[in-house]
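Asks: this one's structure only:
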Ligand code: T1G
């Protein structure tokens, strides 16, 4: 698209209308700022133009700078739209629908007036990609809404509704939105003769009013300390807004530009940009053409009202999909429905859900007592006990009753999708939809593809995931699928290092310092040690060569099942959930290791970190080698949204590239020599290391035909 087509200019009854048309979100990509400035100059020069409107075509105003351009060499622009808007001699009205984010909102702030439709959202989300607003937002927003509200918006990066933006003072008027263009032109005509022009840069009264709040910025710094651990951008946001309260506008702009330039190519910004695009790449499934007709999903059923089933039903109800819930007995169904009501009530009590919203969602969840009652549902998600025989029985019943064309999904976390599909006569309509607990909170959804799963089924399941607020990621059918399989070696190494002398609290501290919200042993106590205990017993029974883990086994056998029993790897006081190291656990570790003939030794933090993460990097390479994942960045998305991997490190494979594929491979080779088979290097890892490639760029050559 040429500069002219990306930005159109037309005069309507004396009003110059500037329309940005750069699909899909009107990002300020190459040619767009130039087009806006050219249009502004035309309007300024035209004596027939009394005022102007800036708006976006398509579904949005302007979603910000083109993130794809960051990290690439680019000449500093001679002029910026914000400055041209500032120097305008005629009123300019920003007319917002969809999103005005980042540079989009910054352009609107440099206009004289801002109107929006009720559904519009505004924000300065730059911190989410490791930078700060670089178009004057840190200087104009505090002038418009005050430093306190501005620093909160900029440090959080959150989207603000039109209504809240009006209350804050960002938006001057909310318009009906039936014909935003016409309403914007009428608004521009009403303000055409108003002088002086209200330039945000000249508004200082809210800055002056805040001058007495000396502790504001220190308070904000303290409030973000835990969440902003190891990161720079949040603190640079605060510094830039603080500069607005202390420096004249132009100097503040220079400060903002300096702080921005310190971040654009930081590890944190590169990692966060990578995560942003990786989360969008997961939607690309080879062989999935845009015009593929997918089965429409307007109604759902969930089989099983346990913790997972109830959570899955809530996901559907939360996003407006009516869902029927079926259980094996009336008692189990009643218990499941009560758990759902309790979960909603807790959210309302915490203030994260309005009472009225809960009252809208609950009726969408309908308990039923027969398979016939769900016969017409478009999708069924099975979430019964993790036992193959039980699943096969459920799928056979579903196959006999559910209407043709409906898709049947299993929430199994590891069982063979193909075996489940064979219990039906409609294997092409069967796939896995592996939710992560708690299902109504965790965003990751693994869509597990069976050998017979039709592409339409896979695509419909992925689309359903996105429709209920999940990040749907393709996973091949293998033991543990992709996320849990790639995580399994991490779990093994954390337990073996305890046998070798690293304490649970030392390992947890390393991972919290790395950026995890909780250490893996504290997470195990939260989830319950008995769950993995049962899984280990099943594997040991099936595989005589299975390497048992006597220490966690001993803990469970002593009744130490984690937080729910007041003790697990840690001790817990009844009053709170803080994990306390327990000498009793240390004794159990020492005794068990002695009995196993394992000599305990000290561990350096870096060895702990690399033992855990390199083992998973190696497994991820094996998964890709087998074609069970489409790309390494998909696995990174799983680690971000399934395991709490720190987002500002990009993901498991992105982080490994910081170490370097050769260094990772050399270390895996060394541990292979020392520890044997479980560290056998993936041949793909060796190949990438040999050519000095990047692990995050791996795409599975043998993508399974789907
Ligand atoms: N730059 C480039 N591409 C973008 C983009 C952007 N800012 N925003 C979205 N896309 C692409 C995205 O990759 C996807 O591409 C398609 O648009 C649809 O996006 C100077 C420096 C606006 C809320 O951080 O939050 O301004 O996969 O799937 O779910 O101070 O996109 O189709 O090929 O997300 O409807 C600040 C980032 C930039 C906003 C829409 N702005 N975008 O969500 O669609 S920095 C942002 C979003 C900046 C200034 C600074 C969301 C959205 P593809 P999507 P959506």
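Replies: Right, received. Where do you want to start? This is a predicted model, so every value here is computed, not measured. Numbering: from 1, shown residues only.

Asks: buried ones in the helix or strand residue 275 falls within?
Replies: Counting by DSSP states H and E, the element that carries residue 275 is helix 267-281. Neighbour counts using 16 or more other Cβ atoms under 10 Å place 267, 268, 269, 270, 271, 272, 273, 274, 275, 278, 279, 281 of helix 267-281 among the buried residues. No exception for glycine: its C-beta is placed from N, CA and C like everyone else's.

Asks: per-residue confidence for the closest residue in space to the last one that isn't next to it in sequence?
Replies: Think residue 281. In space, and not counting its chain neighbours, residue 281 is closest to residue 633: 5.7 Å by Cβ to Cβ, 6 or more residues apart in numbering. Per-residue confidence (pLDDT) for residue 633: 97.

Asks: going forward can the numbers begin at 14, since that is how I track them
Replies: Understood, numbering begins at 14; the last thing we discussed is residue 646.

Asks: who's in contact with the residue in the stretch 514-663 of the chain that the ligand sits nearest to?
Replies: Closest contact between the stretch 514-663 of the chain and the ligand, by Cβ to the nearest ligand atom, is at residue 646 (12.6 Å). Counting by Cβ atoms under 8 Å, 6 or more residues apart in numbering, residue 646 touches 287, 291, 294, 295, 664, 666, 667, 709.

Asks: The first one contacts residue 662, correct?
Replies: No: at 9.8 Å, residue 287 and residue 662 do not qualify as touching, with contact defined as Cβ atoms under 8 Å.

Asks: Could you name the specific helix or strand carrying the residue in the stretch 464-613 of the chain positioned nearest to the ligand?
Replies: Nearest residue of the stretch 464-613 of the chain to the ligand: residue 479, at 8.7 Å (Cβ to the nearest ligand atom). Per DSSP H and E: residue 479 is located in helix 468-480.

Asks: So the nearest residue to residue 268 once chain neighbours are set aside: helix, strand or coil?
Replies: Distances taken as Cβ to Cβ, 6+ apart put residue 256 closest to residue 268, at 4.1 Å, once the chain neighbours are dropped. Under DSSP: H, G, I helix; E, B strand; the rest coil, residue 256 falls in the helix class.

Asks: Quick check: residue 256 touching residue 266?
Replies: No: judged on Cβ under 8 Å, residue 256 makes no contact with residue 266 at a distance of 9.2 Å.

Asks: show me the residues around the nearest residue to residue 628 once chain neighbours are set aside that make contact.
Replies: Distance criterion Cβ to Cβ, 6+ apart; nearest residue to residue 628, sequence neighbours excluded, is residue 502 at 3.5 Å. Contacts for residue 502 (Cβ under 8 Å, 6+ apart) come out as 628, 629, 631, 632, 691.

Asks: Pull the contacting residues for the closest residue to the ligand within the stretch 114-263 of the chain.
Replies: Proximity to the ligand, evaluated over the stretch 114-263 of the chain using Cβ to the nearest ligand atom, is greatest for residue 115 at 2.4 Å. By Cβ under 8 Å, 6+ apart, the contact list for residue 115 reads 76, 77, 78, 136, 137, 138, 139, 146, 148, 150.

Asks: And residue 36, by the same measure?
Replies: Residue 36 makes contacts with 70, 71, as judged by Cβ under 8 Å, 6+ apart.

Asks: go again using 7 Å as the cut-off
Replies: By Cβ atoms under 7 Å, 6 or more residues apart in numbering, residue 36 lies in contact with residue 71.

Asks: does it belong to a helix or a strand, and which?
Replies: Applying DSSP H and E, one finds residue 36 in no helix or strand.

Asks: how much space between it and the ligand?
Replies: Using Cβ to the nearest ligand atom, to the nearest Å, residue 36 is found at 8 Å from the ligand.

Asks: follow-up on the earlier one: from the contact counts, what lies against the following helix or strand past the helix holding residue 479?
Replies: On the C-terminal side of helix 468-480, the nearest following helix or strand under DSSP H and E is strand 484-489. Applying 3 or more Cβ pairs under 7 Å, 6 or more residues apart in numbering; DSSP states H and E, we find strand 484-489 packed against strand 457-462, helix 468-480, helix 645-655.

Asks: Show the model's pLDDT score for the residue nearest to residue 268.
Replies: On the pLDDT scale, residue 256 gets 95.

Asks: How many neighbouring residues does it have?
Replies: 20 (other Cβ atoms under 10 Å).

Asks: Quick check: it touching residue 267?
Replies: No: in this structure residue 256 lies outside contact range of residue 267 using Cβ atoms under 7 Å: 8.9 Å.

Asks: Which residues of the stretch 264-413 of the chain lie near the ligand?
Replies: Taking Cβ under 6 Å from any ligand atom as the measure of proximity, the stretch 264-413 of the chain contacts the ligand at residue 293.

Asks: just to revisit the earlier point, redo the helices and strands packed on strand 484-489 as a markdown table? Include distance to residue 586.
Replies: What follows is those, written out as a markdown table (distance: least, Cβ to Cβ, whole Å):
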| stretch | distance to residue 586 |
| --- | --- |
| strand 457-462 | 32 |
| helix 468-480 | 39 |
| helix 645-655 | 30 |
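
Asks: The ones you listed: which one's closest to residue 120?
Replies: The minimum distance between residue 120 and those falls on helix 468-480, with 29.4 Å, by Cβ to Cβ.

Asks: Averaged pLDDT, the closest one. What do you get?
Replies: 95.

Asks: per-residue confidence for residue 715?
Replies: 46.

Asks: again with residue 198
Replies: In this model, residue 198 is scored at 98, pLDDT.

Asks: can you count the residues close to the residue lying closest to residue 316 once chain neighbours are set aside?
Replies: Among residues not flanking residue 316 along the chain, residue 395 sits closest, at 4.6 Å (Cβ to Cβ, 6+ apart). By other Cβ under 10 Å, the residues close to residue 395 number 25.

Asks: got it, and residue 313?
Replies: 26.

Asks: ok, it touching residue 390?
Replies: Yes: with contact defined as Cβ under 7 Å, residue 313 reaches residue 390; the gap is 5.9 Å.

Asks: where are the low-confidence patches of the stretch 14-163 of the chain?
Replies: Along the stretch 14-163 of the chain, segments meeting pLDDT under 70 span 14-17.

Asks: rerun at 90
Replies: 14-18, 84-91 (pLDDT under 90).

Asks: which residues of it fall in helices?
Replies: 16-19, 45-58, 94-99, 116-123, 150-158, 160-169 (DSSP state H, counting those that start in this stretch).

Asks: Please apply the same query to the stretch 164-313 of the chain.
Replies: So, for the stretch 164-313 of the chain - with DSSP H, counting those that start in this stretch - the helices run 175-181, 193-204, 218-223, 229-237, 246-259, 262-276, 280-294.

Asks: among those helices, which is the most enclosed?
Replies: Burial of the helices of the stretch 164-313 of the chain is given as mean neighbour count (mean count of other Cβ atoms under 10 Å); helix 246-259 ranks first at a mean of 23.

Asks: and the angle from that helix to helix 160-169?
Replies: Here the directions of helix 246-259 and helix 160-169 differ by 160 degrees (axes from the mean of the first three to the mean of the last three Cα atoms, to 10 degrees).

Asks: Now do helix 246-259: distance to the chain's middle.
Replies: 26 Å (Cα atoms, centre = their mean, to the nearest Å).

Asks: quick one: that helix to helix 150-158, angle?
Replies: Using the same axes, to 10 degrees: helix 246-259 against helix 150-158 is 60 degrees.
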